[in-house]
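>>> Model the structure of this input:
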Amino acid sequence: MSGIRMFASLLVVGWFVLPVEAQDPAHTPYSIRLVVHVERHRVLTDIFKQQVRRVLADTLQGVLGELARVEITDTHPRLLDIRSRGLARSLAGYRQRTGALEYFVLISFSGTHYEIQTHGYDGNLALPLSVSRSDRTRDRELVAQRAALLIERDLALVGTITTEPDAQRKVEVQLQGGALGVYLSRWVRPGEVFGVVSVDSEGTGQWLPFTVVQVSEPVREGRFVGRFFSRYRQSRVAGLRCVLLGTRSGSVRLRLMEESPGGSTRLRTPVTLQFRCTGFEGEDSTRLVLNPQLGRDVDTARAGDKGIFDRLVFVSVLAGERMKARVPIPILDDGLNVLVLPAERDSEEDDLALERFRSLQVNLGNAAEVQNNQFREINELSARPDQRAQTLDRVRATLQRLREDYQRLASEVTEIARDLERLPPAKRPSLDIERKKLERLKSGEAELLDHITRLEKIENEENDPVRKQWLQDRERADLLMKNGEIEQALALYQKAPAAEQTPEFKQKLENLRKRWQPVNAAHAEARLFIYETWPSLNTANLAARIPEAMQAFAVCRAAGDVYGPNRLLRETEKHVQRIQKELNQLRPDVNGDDQPKAQAIQDLLPQLRKLDNELRAYLEKTADK
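Here you go, the predicted structure:
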């Protein structure tokens with residue numbers, strides 16, 4: 001933000017902290033932490049700083065009451081970056097999970113006015129919030145109150161959707177802090193709009209594009225009923241988080257783009273736009289219909305009063321009589337909304353099918369990640385007997401979630417397969433990899449359950465402490481083998497008591513040693529790359545090292561090695577899942593800084609998937625040998 005270099009500045013940061021250990025969000029108050037930084041200027045005196053801190057904290061505490069606790073400090077790790085690059089740009093690239101919902105307020109003095117800017121960031125979900133706000137005043141006594149009003153305007157109350165949409169698209173939402181006796185209707189009134197967020201297995205959030213819940217009934221006992229709208233079909237809504245948006249009344253600005261092999265380009269085919277106030281149907285007398293010129297942005301303000309909408313506008317895009325997209329757009333400010341449409345040859349159904357396929361890829365990766373985390377957790381608990389019972393209880397609960405995920409994803413694969421069949425062959429992606437991942441989820445669930453059962457049997461039935469420890473170590477070693485940690489598994493197998501070292505066991509151990517032993521120096525070097533170098537690479541370094549990964553795989557294949565390729569496959573899956581998340585968080589059509597990053601990832605993903613396919617084919621071929 002250029003104003004930082006022109007004016008003296010006062011920076012205020014607010015944190016809404018939700019304790020990780022909180023079991024009942026409805027009874028959990030928010031904690032607001034205000035961080036105030038004042039740059040040197042003769043007008044921004046120490047007395048002024050103290051006054052702003054005191055009045056801002058007292059005002060927010062008075063407004064929020066039991067819903068929040070307010071405190072003040074003067075430091076924040078993001079401060080230097082914000083001062084150098086500005087609020088919006090700095091927070092757009094901020095992905096740190098801080099465990100707090102942070103609010104940043106920048107107050108500058110121009111010589112005649114105190115300029116105020118605000119922006120929010122959810123550190124619980126690693127998610128930038130809403131948009132930047134601004135205000136100005138000549139009266140220094142009003143600075144703190146104006147800042148508090150801007151914060152309250154974007155007060156990001158958090159809720160969880162607890163039901164699936166009914167025939168009228170209605171869902172129920174439980175609000176955090178809803179059971180604290182605070183009148184949440186001050187902020188959550190009919191017509192208000194919540195943005196919808198999906199949360200992965202690590203707790204990191206991602207805005208679902210053009211997906212909202214609009215409040216339709218007043219808040220009662222910390223819950224409200226709203227209507228769920230999304231441009232894209234969502235296979236599962238219950239459990240998604242939603243965040244109150246600081247919407248307003250106003251006009252809508254649109255830039256229409258079209259999908260292309262390189263990303264997106266300006267729209268090249270004529271379309272008709274229909275704007276409605278309450279939904280995607282009806283309103284014949286009040287709807288606004290525009291036929292925008294190609295290459296020009298759309299601004300409904302030019303249509304006068306008919307182009308002004310309250311909080312949410314429903315935009316339908318038609319090519320002739322064919323529907324290309326239906327998009328709910330929350331009205332946050334007068335900024336430009338970029339709308340990427342399917343190519344002229346595509347239908348809305350084609351667009352939906354491909355979007356559901358891409359969503360399926362992410363969901364399968366998240367489910368596999370949860371399952372892998374459980375295998376690692378059991379491995380760790382096997383070495384800590386004092387924590388075993390507690391962790392087993394937690395894993396059993398997670399198993400239930402994995403079963404539900406499998407059933408949901410299996411149904412989704414079936415539905416998406418039907419949708420994809422309607423696409424032209426040249427555009428139709430294969431579901432082979434997704435079906436194999438689904439099979440692995442099912443077999444992994446069975447393995448996980450068997451492993452837990454065996455551990456429980458050992459814990460409950462074995463009385464000899466030496467044999468009990470060995471049986472637990474053997475289970476842990478078997479799990480390490482499946483995860484490709486052969487050296488650690490060998491170390492545990494070698495601890496077998498003398499009574500357990502039967503001829504069959506010794507022969508099995510010797511065979512494992514021989515199969516693990518590198519056949520030559522090149523094989524040893526390939527293993528070193530797979531186990532140490534490949535997992536540690538970041539996105540920027542992956543592309544340059546893919547040829548080395550292919551070469552390491554070729555060396556292992558020539559040596560008849562299955563352990564190295566199995567580990568390479570697991571680490572490659574992790575890389576694909578990680579960089580897919582990075583891609584989903586980028587906005588190349590809005591933020592120019594994101595364009596080269598997004599293009600680099602789009603170029604990288606096919607190379608990683610090619611490696612993934614070759615590894616799977618090899619491992620399937622050698623599975624029975």
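
>>> Give me the mean pLDDT for stretch 149-169.
For stretch 149-169, the mean per-residue pLDDT is 92.

>>> For that stretch, measure first residue to last.
End-to-end distance for stretch 149-169: 33 Å, by Cα to Cα, to the nearest Å.

>>> Next, the buried residues of that stretch.
Buried residues in stretch 149-169, counted by 16 or more other Cβ atoms under 10 Å: 149-151, 154-161, 165, 169. C-beta: built from backbone N, CA, C; applies to glycine.

>>> now swap in stretch 180-197 and tell me
L180, V182, L184, W187, V188, E192, V193, F194, G195, V196, V197.

>>> So for the closest residue to the second one other than its chain neighbours, what's the pLDDT?
Yep, that's V182 we're talking about. Of all residues not flanking V182 in the chain, L67 sits nearest, at 4.3 Å (Cβ to Cβ, 6 or more residues apart in numbering). At L67, the model reports a pLDDT of 89.

>>> what residues are up against L67?
By Cβ atoms under 8 Å, 6 or more residues apart in numbering, the contact set of L67 is P29, Y30, G177, L180, V182, L184.

>>> Over to T278?
If you count contacts by Cβ under 8 Å, 6+ apart, then T278 has F314 around it.

>>> what about it, distance to V237?
As judged by Cβ to Cβ, to the nearest Å, T278 and V237 stand 20 Å apart.

>>> E164 now?
For E164 relative to V237 (Cβ to Cβ), the value is 5 Å.

>>> ok, now L441?
22 Å.

>>> In this structure R428 contacts D419, no?
No: applying Cβ atoms under 8 Å, one finds R428 not in contact with D419, separated by 9.9 Å.

>>> pLDDT weak spots in the stretch 251-400 of the chain?
Scanning the stretch 251-400 of the chain for pLDDT under 70 picks out the ranges 260-263, 343-352, 355, 362, 366, 369-392, 394-395, 397-398.

>>> ok, so of the buried residues of stretch 180-197, who is nearest M257?
Taking Cβ to Cβ as the measure, G195 is the one of the buried residues of stretch 180-197 closest to M257, at 21.1 Å.

>>> If we ignore the residues flanking it in sequence, what's nearest R287?
R276 (4.9 Å).

>>> Are there residues contacting both of E164 and V237? Which ones?
By Cβ under 8 Å, 6+ apart, the residues touching both E164 and V237 are V171.

>>> what does the domain assignment say about this protein?
Per automatic domain parsing, the structural domains of the chain span 3-153, 158-244, 249-346, 347-459, 462-502, 521-622.

>>> Any chance of those domains in TSV with distance to K514 as columns?
Formatted as TSV, the domains of the chain follow (distance: least, Cβ to Cβ, whole Å):
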stretch	distance to K514
domain 3-153	45
domain 158-244	37
domain 249-346	49
domain 347-459	25
domain 462-502	11
domain 521-622	11
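
>>> And those: which comes nearest R515?
domain 521-622 (7.3 Å).

>>> what's the spacing between that closest one and its chain's center?
Mean-position distance between domain 521-622 and its chain equals 21 Å (Cα atoms, centre = their mean, to the nearest Å).

>>> and the end-to-end length of it?
Taking Cα to Cα as the measure, domain 521-622 stretches 23 Å from start to finish.

>>> Average the pLDDT values over that domain and round to the nearest integer.
85.

>>> Neighbours of A559, how many?
17 (other Cβ atoms under 10 Å).

>>> Ok, G564 next?
Around G564 there are 26 residues (other Cβ under 10 Å).

>>> secondary structure class for it?
helix (DSSP: H, G, I helix; E, B strand; the rest coil).

>>> Tell me how far the helix or strand hosting V413 lies from the chain's centre.
Assigned by DSSP states H and E, V413 belongs to helix 388-421. Centroid separation between helix 388-421 and its chain, computed with Cα atoms, centre = their mean, is 18 Å.

>>> elements contacting whichever helix or strand comes after that helix?
Reading on from helix 388-421 to the C-terminus, the next helix or strand found by DSSP H and E is helix 432-461. Secondary-structure packing of helix 432-461 (3 or more Cβ pairs under 8 Å, 6 or more residues apart in numbering; DSSP states H and E): helix 348-382, helix 388-421, helix 465-482, helix 594-622.

>>> Can you tell me how far the closest residue to Q494 other than its chain neighbours is from R474?
Once flanking residues are discounted, Q494 sits nearest to L509: 7.3 Å by Cβ to Cβ, 6+ apart. Using Cβ to Cβ, one gets 11 Å for the distance from L509 to R474.
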